[in-house]
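**Q** Predicted model and sequence below, questions to follow.
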Amino acid sequence: MYFQLLELMKTEKVTFAQMGELLGCRYQTVSDIVNGVTKKGFYYDDAYKIHKVFFPKYDMEYLFKRQWYKQMFDIVNILRMYVCVN
């Protein structure tokens, strides 16, 4: 999951549809990659395009750092809340 990219998309008002158009794919494909639904990350060429077109003032390594631990932490917390409620 690309948390920094998601946050900067909100800040810079960049949509999955815009990124999909740039990469020649569906917005849902971009959403799945960014949100960690698919294990495959961005190919370097695609990440480079996104960086240069939408986020040139940000460091590419920062922008595309993947963080699985936070996603797993969120899932564990959701499960804990569900167990406590039921």
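**A** Good, I have the coordinates. Since this is a predicted model, take the numbers as computed values, not measurements. Numbers count the residues shown, from 1 in each chain.
**Q** ok, how many other residues are close to residue 37?
**A** 12 (other C-beta atoms under 10 Å). No exception for glycine: its C-beta is placed from N, CA and C like everyone else's.
**Q** In contact with it, which residues?
**A** residue 31 (C-beta atoms under 8 Å, 6 or more residues apart in numbering).
**Q** now it: how far from residue 23?
**A** 16 Å (C-beta to C-beta, to the nearest Å).
**Q** Spatially, which residue comes closest to residue 14, not counting chain neighbours?
**A** Once flanking residues are discounted, residue 14 sits nearest to residue 54: 4.8 Å by C-beta to C-beta, 6 or more residues apart in numbering.
**Q** what about that neighbour, neighbour count?
**A** Using other C-beta under 10 Å: residue 54 sits among 19 other residues.
**Q** what stretches of this protein score poorly on pLDDT?
**A** Of all residues in the chain, those with pLDDT under 70 make up the ranges 68-86.
**Q** again, 90 this time
**A** 1, 36-40, 66-86 (pLDDT under 90).
**Q** the helices in it, which residues?
**A** Listed in chain order, the helices of the chain (DSSP state H) span 3-12, 16-23, 27-34, 44-54, 60-63, 68-85.
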